[in-house]
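Asker: What shape does this take:
(one chain, ligands or ions: 2)
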Amino acid sequence: MLKVFSCPGKALLAGGYLVLDPDYEAFVVALSARMHAAITLLRPLGQSELTKITVKSPQFKGGLWSYHLDINKLSESDIVEAHGRNNPFVKTTILTVLSYLKPTDNYEIEITIFSDSGYHTQAGSTAKVSNNGTRRFYYHDAAITEVPKTGLGSSAGLVTSLTSALLCCYLGPNFLNKTAEENAQTLNCLHNLSQVAHCIAQGKVGSGFDVAAATYGSVVYRRFKPELITRLMELDPSQFSNGLKELVDNADWKIVHRQCSLVPGIRILMGDVAGGSETPKLVSKVLKWRKENPERALQVWTNLNNSNMKLVESLEQLRKSSKSDYSQTLDYLNTHSASEIVDDNLSPGLLNIINCIKHIRHWLKLMSIESGAEIEPDEQTRLLDRCEALKGSLGGVVPGAGGYDAICLLVAEDSIDRIITDTKNDEEFKRVNWLQLEDQKQGLIEEKIEDFEGLIHIPGNLC
Ligand SMILES: Nc1ncnc2c1ncn2[C@@H]1O[C@H](COP(=O)(O)OP(=O)(O)OP(=O)(O)O)[C@@H](O)[C@H]1O
Ligand SMILES: C[C@@](O)(CCOP(=O)(O)O)CC(=O)O
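Answerer: Numbering: from 1, shown residues only. Ligands and ions are numbered 1, 2, ... in the order given. Now for the predicted structure:
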């Protein structure tokens, strides 16, 4: 059997920090930089043999991790990588999925991972193209831990696509081709398993918005209560498998993942900015400020949340209309910038989006100043103000936790190429590398095998 699955990357457009609290929702845009997992079930093995799972990531030096597993002894210490290499996300995903499935048969399995170019810098890489020319991946002479990342959620995409590949192997090639209700149930199981594996591999329980986007696509997301997973992680190893099964199949995660995508004519434009940010430090500063200033923090978060949700409502309203209802405004936007819009005859939906972005930035800036966390530092403020002045721009924010390493704009589709061209030689944009990505309505999807021929080894004796 050979199957290929892929998951999208992410940009948390509205709801950073607030999404850590289950009382709030966030809007995460799934992106067309996708993580792919091609699984080959090479052969069944005997009862006395060990299951062999090899995960390859040919785009990176040393991108090969092989595990020989006794399916009756699946504790952390029992799963050893054959070459002494370490990839906590690969190892933990295998351990989590097999602990959940508790397989009774042994197999030799090979999984090949491919990540689209948006996840990592392309500097110093060489492109390889599939036989039919539909896929182009960039190969690096360095290990994956040494190649600069762009913040699109590579580990979440890896864990979710790898989980899909393993479930396909053990549950059968058509595990997601059943009734709509069965598929939804299977997708929720896959999501829950991926959230558990991602948290264990990271050693902390984030909001999980990135795994939700990888699974479900662009969504309005409300997180699960962290205790669901922290309690599992505290279990005695002998109880882990039963606890995992109960959590994945029977617990009420109470999450929200309501489909919400951008509207025709409006595109997301991600800017990878030469700079860094340390999410854990930013998060701890904000949560410390919130704890020490509860009333002020509630006021800021309430206003910020109102702006976040008004952005979502504006998109949902616009989606109910047809593009022709606001195309005149889009045309106007192509020759004017968000900072110079004065004509009240314009589409209220688009004007609302522009105003929401301004208000989201206002409250994020206040939180930056009052908490001391550099969510929108002054350099990013200046850059985003310049972006607001670009013709065709509806404005932009620092996505997710913010910091120095990314900006995220909403732009009129017909202006995207001009914005990229006009800013190329602009001194104020010299640290910005634009990523041309699309919003992805769909999360996990099955890919066509023929699109990967020439990039993966397809053995003749497939079982
Ligand atoms: N294509 C891949 N093949 C194998 N492992 C990968 C791949 N992409 C990511 N990983 C794993 O995920 C790790 C990166 O996860 P980490 O949590 O450090 O960053 P992240 O927050 O997911 O990154 P970003 O959001 O910037 O993509 C890598 O070191 C590697 O272990
Ligand atoms: C700050 C936070 O709310 C968002 C982090 O987003 P990003 O990793 O910067 O894209 C943390 C979280 O949700 O886990």
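Asker: Could you list which residues are in contact with residue 314?
Answerer: If you count contacts by Cβ atoms under 8 Å, 6 or more residues apart in numbering, residue 314 has them with 349, 352-353, 356. Backbone N, C-alpha and C define where each C-beta goes, glycine included.
Asker: again with residue 445
Answerer: With Cβ under 8 Å, 6+ apart, residue 445 has these contacts: 5-6.
Asker: Write the ChimeraX selection for whichever of the contacts of residue 314 are buried.
Answerer: What follows is the ChimeraX syntax for the buried subset of those, where burial is set by 16 or more other Cβ atoms under 10 Å:
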select :349,352,353,356
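Asker: which helix is the longest one in the chain?
Answerer: Using DSSP state H to define each element, the chain has its longest helix at helix 294-320.
Asker: How about that one and ligand 2, any contact?
Answerer: No: with Cβ under 6 Å from any ligand atom as the criterion, ligand 2 is not reached by helix 294-320; the gap is at least 11.8 Å.
Asker: For the next helix or strand after that helix, name the packing helices and strands.
Answerer: Using DSSP states H and E, the helix or strand that follows helix 294-320 towards the C-terminus is helix 323-335. Under the contact criterion of 3 or more Cβ pairs under 8 Å, 6 or more residues apart in numbering; DSSP states H and E, helix 323-335 touches helix 348-371, strand 406-412.
Asker: Compute the mean per-residue pLDDT across helix 323-335, please.
Answerer: For helix 323-335, the mean pLDDT works out to 88.
Asker: what's the angle from that helix to helix 294-320?
Answerer: With axes from the mean of the first three to the mean of the last three Cα atoms, to 10 degrees as the criterion, the two stretches helix 323-335 and helix 294-320 enclose an angle of 120 degrees.
Asker: Pull the CA coordinates from helix 323-335 and hand them back as PDB.
Answerer: Coordinates of the C-alpha atoms in helix 323-335 are reproduced here as PDB (Å, rounded to 0.1, in the frame of the first residue of the first chain):
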ATOM      1  CA  LYS A 323     -17.800  39.200  -4.600                       C
ATOM      2  CA  SER A 324     -19.700  41.500  -6.900                       C
ATOM      3  CA  ASP A 325     -21.300  43.200  -3.800                       C
ATOM      4  CA  TYR A 326     -17.800  44.500  -2.800                       C
ATOM      5  CA  SER A 327     -15.800  44.400  -6.000                       C
ATOM      6  CA  GLN A 328     -16.100  48.100  -6.400                       C
ATOM      7  CA  THR A 329     -14.500  48.600  -3.000                       C
ATOM      8  CA  LEU A 330     -11.800  46.100  -4.000                       C
ATOM      9  CA  ASP A 331     -11.100  48.200  -7.200                       C
ATOM     10  CA  TYR A 332     -11.000  51.300  -5.000                       C
ATOM     11  CA  LEU A 333      -8.600  49.600  -2.600                       C
ATOM     12  CA  ASN A 334      -6.200  48.700  -5.500                       C
ATOM     13  CA  THR A 335      -5.600  52.400  -6.000                       C
END
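Asker: rewinding a little: including distance to residue 385 and mean pLDDT, could the helices and strands packed on helix 323-335 go into a markdown table?
Answerer: Converted to a markdown table, the helices and strands packed on helix 323-335 look like this (distance: least, Cβ to Cβ, whole Å; pLDDT from 0 to 100):
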| stretch | distance to residue 385 | mean pLDDT |
| --- | --- | --- |
| helix 348-371 | 9 | 96 |
| strand 406-412 | 11 | 97 |
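Asker: will you turn those into TSV that also has distance to residue 8?
Answerer: Written out in TSV, the entries for these read as follows (distance: least, Cβ to Cβ, whole Å):
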stretch	distance to residue 8
helix 348-371	22
strand 406-412	15
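Asker: which of the ones you listed is buried the deepest?
Answerer: Greatest average neighbour count among the helices and strands packed on helix 323-335 goes to strand 406-412 (a mean of 25), per mean count of other Cβ atoms under 10 Å.
Asker: mean confidence for the next helix or strand after that one?
Answerer: Following strand 406-412 in sequence order, the next helix or strand is helix 416-424 (DSSP H and E). Taken as a whole, helix 416-424 carries a mean pLDDT of 96.
Asker: cool, and stretch 69-79?
Answerer: Along stretch 69-79, the predicted local confidence has a mean pLDDT of 87.
Asker: Show the end-to-end separation of that stretch, please.
Answerer: With Cα to Cα, to the nearest Å applied, stretch 69-79 spans 6 Å between its terminal residues.
Asker: Could you chop the protein up by domain?
Answerer: Here the domain assignment for the chain is 3-259+443-452, 266-437, based on automatic domain parsing.
Asker: do you know which of the ones you listed lies nearest ligand 1?
Answerer: Using Cβ to the nearest ligand atom as the criterion, the shortest distance between ligand 1 and the domains of the chain is 3.2 Å, found for domain 3-259+443-452.
Asker: quick one: that closest one near ligand 2?
Answerer: Yes: figure legend: domain 3-259+443-452 in contact with ligand 2 (Cβ under 6 Å from any ligand atom); contacting residues 12, 16-17, 19-20, 151, 206-207, 209.
Asker: Now do the helices for the stretch 151-300 of the chain: every range, in order, please.
Answerer: When secondary structure is read from DSSP state H, counting those that start in this stretch, the stretch 151-300 of the chain shows helices at 154-171, 180-202, 209-216, 227-233, 237-250, 279-292, 294-320.
Asker: Can you mark which positions in the second one are buried?
Answerer: Read it as helix 180-202. Along helix 180-202, the positions that meet the burial threshold by neighbour count (16+ other Cβ under 10 Å) are 186-201.
Asker: Residues of this structure that sit close to ligand 1?
Answerer: Proximity of the chain to ligand 1 (Cβ under 6 Å from any ligand atom) is limited to residues 57, 87, 89, 113, 115, 119, 144-145, 149-156, 158, 202.
Asker: Identify those among those that sit within strands.
Answerer: Judged by DSSP state E, the subset of these located in strands is 113, 115.
Asker: from the residues of the chain next to ligand 1, which would you call buried?
Answerer: If you count burial by 16+ other Cβ under 10 Å, the buried members of those come out as 57, 87, 89, 113, 115, 119, 144, 149-156, 158.
Asker: Looking at these, which one is closest to residue 49?
Answerer: Checking those against residue 49 with Cβ to Cβ, the nearest one is residue 87 at 23.7 Å.
Asker: Would you mind confirming that that closest one makes contact with residue 67?
Answerer: No: the pair residue 87 / residue 67 is not scored as a contact, 10.2 Å apart, by Cβ atoms under 8 Å.
Asker: what touches both of those two?
Answerer: By the contact definition Cβ under 8 Å, 6+ apart, residue 87 and residue 67 are jointly contacted by residue 81.
Asker: returning to what we had before: now the longest helix of the chain: mean pLDDT?
Answerer: 97.
Asker: Check stretch 140-156 too.
Answerer: Looking at stretch 140-156 alone, the average pLDDT works out to 96.
Asker: buried sites along the lowest-mean-pLDDT helix or strand in the chain?
Answerer: The helix or strand with the lowest mean pLDDT-type score in the chain, counting by mean pLDDT, DSSP states H and E, is helix 323-335 (a mean of 88). The neighbour-count check on helix 323-335 (16+ other Cβ under 10 Å) flags 326, 329-330, 332-333 as buried.
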